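Colleague: Sharing a model prediction with you, sequence too.
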Amino acid sequence: MPEIGEAGQKKLGDASALIVGLGGLGVPVASYLAGAGVGTLHLNDFDTVDLSNLHRQVLYTSQDVGRRKTAVAAERLAALNPEVNIEVVDQRLDPVALRGLAERCTVVLDCCDNFATRFAVNEATLAARRPLVSGAAIRLEGQLAVFRNDRPAGACYRCLYHEDGEELETCSGGGILGPVVGAVGALMAVEALKLILGISRDGGERLAVYDGWRGEWRSLGLAPDPECPACARFRSR
């Protein structure tokens, strides 16, 4: 691609990404970023492979059941591209550790499945001033957004979702058609690569919503919430 070329490939090699969660979203994200040659991938998860994961987490096999997802993913990604540096973080990160890790990265990808972690990742990227790519999927529905937390203004994840909202449904509880979460994860990788390469043409934060029942995408503009506690805490500095 002329938009990338040799200079762009060097940007990819010099870049690093933090992937929080190695489930249905994190697996395609990590695979495509490794394949693209992103220099360092920090893989954060503390879960093990379960048989119920395999229909959507296609980096793992039935022989991996019971093993740490980070360990299996590191092996498979190293086989895909041995020139990529894989850093495994197989523990739950507290806010200080999460911020420190975000500060070492070019971009952060939220691939988890609970609001507590999503809020923590959002605050870590605001504090570290790093862009955040966030995705979610359930049943035949998906969402994708890029939050420019590296900028002094704009919407953040907390502007969109509040702690008093509904509990985030999980794939195990609500069900998921495997390719739906894979499609959202693949597009998260696209957005991360665009950020690293500096070729994003987006004029502002937007939320892309996928309706798998109809096979349609919708795009919604996102505006900052003037009452957002995360923006007030980190963007007022």
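Modeller: That came through, no problem.
Colleague: quick one: which helix or strand includes the residue nearest the centre of the chain?
Modeller: Closest to where the C-alpha atoms of the chain average out (Cα atoms, centre = their mean) is Leu109, at 2.4 Å. Using DSSP states H and E, the element containing Leu109 is strand 107-110.
Colleague: who does the helix or strand following that strand touch, helix- and strand-wise?
Modeller: Per DSSP H and E, the first helix or strand lying C-terminal to strand 107-110 is helix 115-128. Packing partners of helix 115-128 (3 or more Cβ pairs under 8 Å, 6 or more residues apart in numbering; DSSP states H and E): helix 95-103, strand 107-110, strand 132-138, helix 157-160, helix 229-234. In short, each C-beta sits where N, CA and C put it, glycine included.
Colleague: Kindly reformat the ones you listed as TSV containing distance to Leu220 and mean pLDDT.
Modeller: Formatted as TSV, the helices and strands packed on helix 115-128 follow (distance: least, Cβ to Cβ, whole Å; pLDDT from 0 to 100):
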stretch	distance to Leu220	mean pLDDT
helix 95-103	26	96
strand 107-110	18	98
strand 132-138	14	96
helix 157-160	10	94
helix 229-234	19	93
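Colleague: what's the most buried one of the ones you listed?
Modeller: Among those, strand 107-110 has the highest mean neighbour count (mean count of other Cβ atoms under 10 Å), at a mean of 28.
Colleague: who touches it?
Modeller: 15, 17-21, 26, 29, 102, 117-118, 121-122, 124-125, 130-135, 157, 188, 192, 195-196 (Cβ atoms under 8 Å, 6 or more residues apart in numbering).
Colleague: right, and the helix or strand after the helix or strand of the chain with the lowest mean pLDDT?
Modeller: Every helix and strand of the chain was ranked by mean pLDDT, DSSP states H and E. The lowest is helix 171-174, at a mean of 58. Note on helix 171-174: by DSSP H and E, the next helix or strand toward the C-terminus is helix 178-197.
Colleague: could you say what helices and strands that following helix packs with?
Modeller: helix 5-14, helix 26-36, strand 107-110, strand 132-138, strand 141-147, strand 206-211.
Colleague: Sounds good, over and out.
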